[in-house]
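**Q** here is a sequence with its predicted model. Questions after.
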Amino acid sequence: MGYLENSKVIKVGAIFGSGKITPKWFIWENRKYIIQSINYVWEDRQGKEKLTNFSVSDGTNSYEITYNSHRMSWSLNKIE
């Protein structure tokens, strides 16, 4: 499927601790996806906004999700 035309706002259950974020599940279009693995994590900036990006998998598909620490919001950007 690839990059979505526009990133989608999602709800995420995550653990914040020891200076890192660990997403455990997310809800997109009323469906809950359980994150089975975190494949890669990287950080970006958009002006003063810090973005923490995650490549995650539910065991079937891979997803790219982003946490915006300035807005305290999550988005879904890519599905493979």
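**A** All right, it came through fine.

**Q** what sits opposite the closest residue to Glu43 other than its chain neighbours in the beta ladder?
**A** Nearest residue to Glu43, sequence neighbours excluded (Cβ to Cβ, 6 or more residues apart in numbering): Thr52, at 5.5 Å. Where C-beta positions appear, they are placed from N, C-alpha and C, glycine not excepted. Judged by DSSP bridges, the bridge partners of Thr52 are Glu43, Tyr67.

**Q** which stretch of helix or strand covers the spatially most central residue of the chain?
**A** Geometric centre of the chain, nearest residue: Ile65, 2.2 Å, by Cα atoms, centre = their mean. Using DSSP states H and E, Ile65 falls within strand 62-68.

**Q** name the residues of that strand that are buried.
**A** Buried residues in strand 62-68, counted by 16 or more other Cβ atoms under 10 Å: 63-67.

**Q** avg pLDDT for that strand?
**A** Here strand 62-68 scores 97 as its mean pLDDT.

**Q** show me what that strand is packed against.
**A** strand 2-17, strand 20-28, strand 49-57, strand 73-79 (3 or more Cβ pairs under 8 Å, 6 or more residues apart in numbering; DSSP states H and E).

**Q** what about the lowest-mean-pLDDT helix or strand in the chain, distance to the chain center?
**A** Least confident helix or strand of the chain, by mean pLDDT, DSSP states H and E, is strand 2-17 with a mean of 87. Centroid separation for strand 2-17 versus its chain: 4 Å, with Cα atoms, centre = their mean, to the nearest Å.

**Q** quick one: list the elements packing against that strand.
**A** strand 20-28, strand 62-68, strand 73-79.

**Q** what angle do the second one and strand 73-79 make?
**A** To tie it back to what came earlier, the one meant is strand 62-68. Relative orientation of strand 62-68 versus strand 73-79 (axes from the mean of the first three to the mean of the last three Cα atoms, to 10 degrees): 150 degrees.

**Q** give me the residues contacting strand 62-68.
**A** Strand 62-68 is touched from outside by 7, 10, 12, 14, 21, 23, 26, 33, 39, 49-57, 73-80, with contacts defined as Cβ atoms under 8 Å, 6 or more residues apart in numbering.
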